[in-house]
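[1] Show me the folded form of this:
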Amino acid sequence: MKTIKSELKLCHSCMEEHVVNTIEVMNQQIFKDIEVDYPAIYEYCSNSDEYFASGDMINKNALAIKDAYREKVGLLTSNEIIRLREKYGVSQKDLSEILDWGKATITRYENHQVQDRAHDDILRKIDSDPEWFIEMLNRAKGKLDNKTFNRYVQKANEYYHSQSNHYLIASIQAVYAKFVEKDFTGDADLNLEKVVEVINYLASKISDLYKVKLMKLLWYSDMLNFKRYGQSITGLAYCALPMGAVPEGHEQIMMLDGVSCEIKVFDNIAYEFKPTPGFKAKLLSSSELEVIDKVISACGSLNTTQIIDKMHDEVAYKHTPDNCVIRYSLAAELSIE
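    Residues are numbered from 1 along each chain as shown. All right, here's what the predicted structure looks like:
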């Protein structure tokens, strides 16, 4: 029994004025043939040793039972539904309209009714995918006035952009799902946090670091680490393209949070990488940093043409067909020791 608050008031149990405690106790209840434990709130009278539940407490306790059931069977709780709705700034009625449900459906789910699995799946989709919610908004545009519609779209777009790194990570991971053979990733799982750290470390040591050179330095770092220790640093897979090795998913990698990339316009568009302000290597081990430093010593001063030529002379590159993934087992012949 946990005391939530105490106050001097007329006690509804003994009908006398004294300090009444509002308490929380764990109760058990069978709901839809499933036994659940739930927190119940009561007023406790120490004079009569009795519990009293006001109308509001009865409603809250009933909802607590249903939320405990929802948690047990894997459905969103009432508070989770409220949270996802408020995240988009949408009213109960409007969310029901957008989903083409009955006007009071969301209100019922937030207050007393347990949703079915199909509706729960839709709510989870909205919670995790603002782009899909925007699509649903566009379908329901005729049901909302313009001001309300624009407000909801703006809120959804703000949330979508705040989650952009999440979507980038998911898209990169989807690319790497096909690399079940460890020889393609250097016997290491993809670690995007390390990828970001390696990029920042290289950028902190090398001035005028542009995309083509960065891609090669990443490859050399992973290959040399594999040559020395039997494992890549990042878990990246590299494709043999005409200008040398390039990580799979490199376009998305350049856009990750923590990667500072500035577009420069010369004869062509170029991408220059800088370390993020206050960067410090935290994830890379001393041996991994030693490997990267060795790569910087061997290749850091090379210009773009020189590092491409160097890579074209690597046995691993020569033995890999065009546009195919370079195997780490070929690292034994790497020119850098």
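[2] And the helices in the chain?
    Remark: helices assigned in the chain by DSSP state H are 55-73, 78-87, 92-98, 105-111, 117-128, 130-139, 146-162, 164-176, 192-205, 211-229, 250-253, 286-299, 304-312, 315-318.
[3] Counting neighbours, what do you get for Leu209?
    19 (other C-beta atoms under 10 Å). In short, each C-beta sits where N, CA and C put it, glycine included.
[4] Leaving out the residues flanking it, which one is nearest to it?
    In space, Leu209 comes closest to Phe273 once its chain neighbours are excluded; the distance is 4.8 Å by C-beta to C-beta, 6 or more residues apart in numbering.
[5] again, but for Tyr160
    Pro130 (4.0 Å).
[6] That neighbour touches Tyr152, doesn't it?
    No - Pro130 is beyond contact range of Tyr152, at 10.8 Å (criterion: C-beta atoms under 8 Å).
[7] if I pick the residue nearest to Tyr160, what's in contact with it?
    Pro130 makes contact with 88, 156-157, 159-160, 163, according to C-beta atoms under 8 Å, 6 or more residues apart in numbering.
[8] Relative to Tyr167, how far out is Ala316?
    Counting by C-beta to C-beta, to the nearest Å, the gap from Ala316 to Tyr167 is 32 Å.
[9] neighbour-wise, which of these two wins?
    Counted by other C-beta under 10 Å, Ala316 and Tyr167 do not tie: Ala316 has more neighbours, with 22 against 15.
[10] what's near enough to touch the more buried one?
    Ala316 neighbours (C-beta under 8 Å, 6+ apart): 223, 326-327, 330-331, 333-334.
[11] could you redo the last one with a cut-off of 7 Å?
    Ala316 makes contacts with 223, 326, 330-331, 333-334, as judged by C-beta atoms under 7 Å, 6 or more residues apart in numbering.
[12] Now restrict the residues you listed to buried residues only.
    223, 326, 330-331, 334 (16 or more other C-beta atoms under 10 Å).
[13] which pair in the residues you listed spans the largest distance?
    Farthest-apart pair in the buried ones among the contacts of Ala316 is Ile326 and Leu334; separation 11.0 Å (C-beta to C-beta).
[14] State the number of residues packed around Met255.
    As a burial measure, Met255 scores 13 neighbours (other C-beta under 10 Å).
[15] Once you drop chain neighbours, what's closest to Lys32?
    The nearest residue in space to Lys32 (C-beta to C-beta, 6+ apart) is Tyr69, at 6.3 Å.
[16] so the residue nearest to Leu209 touches Asp208, yeah?
    No - using C-beta atoms under 7 Å, Phe273 makes no contact with Asp208, being 9.6 Å away.
[17] quick one: which of these two has more around it?
    For Phe273 versus Asp208, the count of surrounding residues by other C-beta under 10 Å is larger for Phe273: 21 against 11.
[18] Is the more buried one bridged to anything, and to what?
    The bridge-partner assignment for Phe273, based on DSSP bridges, gives Leu209, Cys261.
[19] circling back: highest average neighbour count across the helices of the chain?
    Of all the helices of the chain, helix 211-229 has the most neighbours on average by mean count of other C-beta atoms under 10 Å, namely a mean of 23.
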